[in-house]
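Asker: Need a 3D model of the sequence below.
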Amino acid sequence: MLDTSARLLRLLRLLGERRFWEGASLCDALEITDRTLRRDIDRLRSLGYRIDAAPGVGGGYRLGPGRGVPPMPFDDEEAAAVALGLRLSATGPLGGLEQAAVRALSKLEAVMPRRLRSRLSAMSRAVQMDAARPTRVHAPLLVDLAEACDRARVVRFGYRRRDGAHGTREAEAHRLVFVHEHWYLFAWDRARADWRTFRVDRVDASSLVVEEAYAPRALPAEDLVAYVAGSLVTRAWPIEAEVVLTATEDELLGMTLRGPVEPAGHGRWRMVFSGEDLDWMALYLCLLRVPFEVVRPLALQEALVGLARRCLTGATPRAPAPGQSGDEIVSATSTGS
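Answerer: Below you'll find the model as predicted:
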């Protein structure tokens, strides 16, 4: 049998693994009597853990929320996951959590086994973040907006538009959407009587006011990520194109779609997307790696023909000049000489 301290830690870990444990199952897992289990439960309660009990046949225990966050036992995999998440939070896209993340990480690493602390340090040294990080937002603001969405509340806030102009918005908060490296509040704008997306990093956190609840309203699409992404791309760039893709649903799920997609029948899908450069748009279509047909504009068709010709020219080997080997041609081409 485990000693009391080790048994309490084992009991606490078991309670954290399930929403509910029958008392008999806990006794079997810890190899103790029902009387010893009740004493151990009382000891954990005296340490600040809230443990709810259900009496009677089939009764048992569950770990409930407390006034604070008491110590939690983690196995190696869980501790590594929490520590890595804290380390990313300390330097990541959420503002306002850096100091708290560093404090929590210091406490966790202080009690980690040396082998685990060494592995985590190695990962930290080896991993490099993409320079194009998501836009930083104030974490408390994100939480406040998420709560407003969940409780179906009207919010009022100061907002800075893309052109730099400032104003006040009153909207029904519905969802928070992360797309194209930005957080967006998807809401019904009461002044404009239409759906709008607001970049969270442009919301003035100090001016946010959460007001009354609003009546339920049907969302314009089931997949709001695709909907918001499509509306943002369509508004952002001057050249709009319409294409028909031939693909399975699984293939579509693996694509980075730049606009809304709707079924066109017989395994075909109509997509409208936008860009500011025809050559880039042509290359994007080729990178989808599925058959496609350009409906409009004609200029995009011409850009595709030009891209195909350049690719064909680059893939066609040149005949070596007198006294020059094929390897020398490849070397000269790759260096630009």
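Asker: use CA for all of it now, contacts and neighbours both
Answerer: Will do.
Asker: Identify the residues contacting Thr256.
Answerer: When contacts are counted by CA atoms under 8 Å, 6 or more residues apart in numbering, Thr256 is found next to Leu288.
Asker: Tell me which helix or strand it sits in.
Answerer: Applying DSSP states H and E as the criterion places Thr256 outside every helix and strand.
Asker: Write down the beta-bridge partners of Asp52, one by one.
Answerer: Note on Asp52: beta-bridge partners by DSSP bridges are Arg62.
Asker: what separates stretch 181-193 from the chain centre, distance-wise?
Answerer: For stretch 181-193, the distance between its averaged C-alpha position and the chain's averaged C-alpha position is 19 Å (CA atoms, centre = their mean, to the nearest Å).
Asker: my bad, stretch 21-28
Answerer: On the basis of CA atoms, centre = their mean, the separation between the geometric centre of stretch 21-28 and that of its chain is 38 Å.
Asker: Identify the residues contacting it?
Answerer: Contacts with stretch 21-28, where a contact means CA under 8 Å, 6+ apart, come from Leu11, Leu15, Thr33, Asp34, Leu37, Gly58, Gly59, Gly60, Tyr61, Arg62.
Asker: show me what contacts the first one?
Answerer: Residues touching Leu11, when contacts are defined by CA under 8 Å, 6+ apart, comprise Leu26, Leu30.
Asker: what ranges do the strands span in the stretch 51-200 of the chain?
Answerer: Across the stretch 51-200 of the chain, reading from the start of the chain, the strands by DSSP state E, counting those that start in this stretch fall at 60-64, 94-95, 137-138, 153-160, 166-179, 182-189, 194-199.
Asker: Looking at the ones you listed, which is nearest to Asp250?
Answerer: When the strands of the stretch 51-200 of the chain are compared by CA to CA, strand 166-179 sits nearest Asp250, at 20.5 Å.
Asker: looking at the protein, which helix or strand does the model trust least?
Answerer: Of all the helices and strands that make up the chain, the one with the lowest confidence by mean pLDDT, DSSP states H and E is helix 326-335; it has a mean of 46.
Asker: most tightly surrounded among the strands of the stretch 51-200 of the chain?
Answerer: strand 182-189 (a mean of 21; mean count of other CA atoms under 10 Å).
Asker: Run the angle between it and strand 153-160 for me.
Answerer: With axes from the mean of the first three to the mean of the last three CA atoms, to 10 degrees as the basis, strand 182-189 and strand 153-160 are set at 120 degrees to each other.
Asker: Adjacent strands (with direction) for strand 182-189?
Answerer: Short version: by DSSP bridges, strand 182-189 pairs with strand 166-179 (antiparallel), strand 194-199 (antiparallel).
Asker: Which one, of those, ends up nearest to Ser274?
Answerer: Ranking those by distance to Ser274, with CA to CA as the measure, places strand 166-179 first at 16.0 Å.
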